[in-house]
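**Q** Kindly generate the corresponding structure for this input.
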Amino acid sequence: MAIVHLPSGLAELAGGVDALAIEAPRMRELMLALADRFPSLTEHLERMAVAIDGQIYQDALYQKLQPDSEIHFLPPIAGG
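**A** Okay, here's the model as predicted:
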């Protein structure tokens, strides 16, 4: 199962869960599983970039996942 890591702001919305294992063939199914388990995360996750096994994607919905993939949701970075 893929290991999903949530940044601290999202972990608070997920009841303190900062990492969990989810079985999904692509990011789309992983996102649906997260939305089903933690509905309050949905709109936040849709706006975030995601790193899959170290590769950062802005639009990752159709990226394939491996059974041992590591997924990190990346909070937006403000610049100035």
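**Q** can you give me the helices for this structure?
**A** Counting by DSSP state H, one finds helices in the chain at the ranges 8-13, 27-37, 42-46.
**Q** deepest of the ones you listed, which one?
**A** helix 27-37 (a mean of 17; mean count of other CB atoms under 10 Å). For every residue, glycine as well, the C-beta is placed using N, CA and C.
**Q** and residue 21, which of the helices of the chain is closest to it?
**A** When these are compared by CB to CB, helix 27-37 sits nearest residue 21, at 10.5 Å.
**Q** Tell me how confident the model is about the closest one, as a mean pLDDT.
**A** Helix 27-37 carries an average pLDDT of 95.
**Q** Quick one: list the elements packing against it.
**A** Counting contacts by 3 or more CB pairs under 8 Å, 6 or more residues apart in numbering; DSSP states H and E, helix 27-37 is packed against strand 2-5, strand 19-22, helix 42-46.
**Q** who's in contact with that helix?
**A** With CB atoms under 8 Å, 6 or more residues apart in numbering as the test, helix 27-37 has contacts from 2, 4, 22, 24, 41-42, 45-46, 50, 52, 57, 60-63, 65, 71.
**Q** if we go to 7 Å?
**A** 2, 4, 22, 24, 41-42, 45, 50, 60-63, 65, 71 (CB atoms under 7 Å, 6 or more residues apart in numbering).
**Q** The residues you listed, buried ones only, as a PyMOL selection?
**A** Restricted to buried positions by 16 or more other CB atoms under 10 Å, the PyMOL selection for these reads:
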select buried, resi 2+4+22+24+41+45+50+60+63+65+71
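**Q** so how far is the first residue of stretch 45-60 from its last?
**A** Taking CA to CA, to the nearest Å, stretch 45-60 runs 11 Å from one end to the other.
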